[in-house]
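Enquirer: Okay, sequence plus prediction incoming.
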Amino acid sequence: MEKSEFALASLATLFALPFLVATPLLTLLRLIVTLFSGTPPGGFAILFVPVFFTAMLLSAMTRYLVISLAALGLALVALIWLIARERGQVWRHKRFYLLAAALVAILVFPLLMRYQPAVEAAPGVELRVVDRPGLLAGAVKSCQAAAEVRGCQYEPLGWVDAQTLVYRQWCEGFYDMDGWHPGSPDAPQTYHLDTDTVTPFEGDTDTLSKETCSRSTRVIPRLAETYPGGGYFSGQYETVLISPDGRWIAFTAEHVYGPEDLVVISNE
């Protein structure tokens, strides 16, 4: 019986290993960044290596869910089994602390990997992220950014009116000898600024307002300095669209070699 329990705990630890490695390192890196008020000294770069490989492993939602749920389920069963067998003496077993640490690491990981958009608004400028990911999807997208993995691309199609933007996503893109292929487009979606919600678009895209504006004069001055020297990296579809009343600007921005966002900023 004890051999079976040991095997179960070992399997749980194996599935939880990415979280057991990355979660404390991410906590340490956040502390270092806070202490040094920004980018840590080069000597700490080695800490990013295991985080990079963990991010690579967890950069797809299916893999993230399979690994995390398997680790959670196995660790819980193994922990309950150990507690039931040892009762008041469970605290004497190192396995107890390892399984408890695995559970904490899995649950804390998405909180440490909260997604940050590719750009930030300058003071006084309102910024909206279209299709903002939730907690788990945000953790996966943060992993994509850390591991420089491209996700879906956003194509702004135009404005229905001053508060309604239409766009579509291109997913399943891939690289080959000819370069980047963006994959297949999803059905158009509508983003409503007044409610911050997304719904299917059922109209005609040919009737949309598609007035463009300059990135250098309209977008960049309204962003905080994200990269040295200013500016930002646009997504696959670089067109910048201004709303019919001129109050909002829609554009795409991406992390370096990573996922991208569709962003709307105020133009007032």
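Expert: Looks like it arrived, so ask away. Numbering: from 1, shown residues only.

Enquirer: tell me the SS of the residue nearest to L223 when sequence neighbours are not counted?
Expert: Nearest non-adjacent residue to L223, counting by CB to CB, 6 or more residues apart in numbering: V119, 5.2 Å away. Every residue, glycine included, has its C-beta placed from N, CA and C. Three-state call for V119 (DSSP: H, G, I helix; E, B strand; the rest coil): coil.

Enquirer: in what helix or strand does the residue nearest in space to the middle of the chain lie?
Expert: Taking CA atoms, centre = their mean, the centroid of the chain lies closest to K141, which sits 2.3 Å from it. For K141, the element it lies in under DSSP states H and E is helix 135-147.

Enquirer: In terms of pLDDT, where does the residue lying closest to S214 once chain neighbours are set aside sit?
Expert: Leaving aside its sequence neighbours, S214 sits nearest to V240 (CB to CB, 6+ apart; 7.2 Å). V240 carries a pLDDT score of 96 in this model.

Enquirer: wait, isn't V240 in contact with L262?
Expert: No. Here V240 lies out of contact with L262, judged by CB atoms under 8 Å, at a distance of 11.5 Å.

Enquirer: Neighbours of Y175, how many?
Expert: For Y175, the count of nearby residues is 9 (other CB atoms under 10 Å).

Enquirer: for this structure, which spans come out with low pLDDT?
Expert: Scanning the chain with the threshold set as pLDDT under 70 gives 1, 37-43, 228-230.

Enquirer: Could you rerun that using 80?
Expert: For the chain, applying pLDDT under 80 flags the ranges 1-3, 33-34, 36-45, 47, 86-88, 174-182, 225-230, 268.

Enquirer: For it, which segments count as helices?
Expert: Along the chain, the stretches classed as helices by DSSP state H are 2-35, 48-57, 61-86, 94-112, 135-147.

Enquirer: So which of these is nearest F201?
Expert: Closest of the helices of the chain to F201 is helix 135-147, at 21.4 Å (criterion: CB to CB).

Enquirer: any idea of the angle the closest one forms with helix 2-35?
Expert: Interaxial angle, helix 135-147 versus helix 2-35 (axes from the mean of the first three to the mean of the last three CA atoms, to 10 degrees): 70 degrees.

Enquirer: what comes up buried for stretch 19-39?
Expert: Burial within stretch 19-39, assessed by neighbour count using 16 or more other CB atoms under 10 Å, is assigned to 19-20, 22-23, 25-26, 29.

Enquirer: So what's the gap between that stretch and the chain middle?
Expert: Stretch 19-39 sits 17 Å away from the centroid of its parent chain (CA atoms, centre = their mean, to the nearest Å).

Enquirer: Any chance you could give me it in PDB, C-alpha atoms only?
Expert: The C-alpha trace of stretch 19-39 is given here as PDB (Å, rounded to 0.1, in the frame of the first residue of the first chain):
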ATOM      1  CA  PHE A  19       5.000  24.800 -11.300                       C
ATOM      2  CA  LEU A  20       7.300  23.800  -8.500                       C
ATOM      3  CA  VAL A  21      10.200  25.200 -10.400                       C
ATOM      4  CA  ALA A  22       8.600  28.300 -12.000                       C
ATOM      5  CA  THR A  23       6.400  29.600  -9.200                       C
ATOM      6  CA  PRO A  24       9.200  30.300  -6.600                       C
ATOM      7  CA  LEU A  25      11.500  31.700  -9.300                       C
ATOM      8  CA  LEU A  26       8.800  34.000 -10.500                       C
ATOM      9  CA  THR A  27       8.200  35.200  -6.900                       C
ATOM     10  CA  LEU A  28      12.000  35.700  -6.500                       C
ATOM     11  CA  LEU A  29      12.200  37.600  -9.800                       C
ATOM     12  CA  ARG A  30       9.400  39.900  -8.800                       C
ATOM     13  CA  LEU A  31      11.100  40.600  -5.600                       C
ATOM     14  CA  ILE A  32      14.400  41.400  -7.400                       C
ATOM     15  CA  VAL A  33      12.700  43.700  -9.900                       C
ATOM     16  CA  THR A  34      11.000  45.500  -7.000                       C
ATOM     17  CA  LEU A  35      14.300  45.900  -5.100                       C
ATOM     18  CA  PHE A  36      16.200  47.200  -8.200                       C
ATOM     19  CA  SER A  37      13.300  49.300  -9.400                       C
ATOM     20  CA  GLY A  38      13.200  47.800 -12.800                       C
ATOM     21  CA  THR A  39      15.400  45.400 -14.800                       C
END
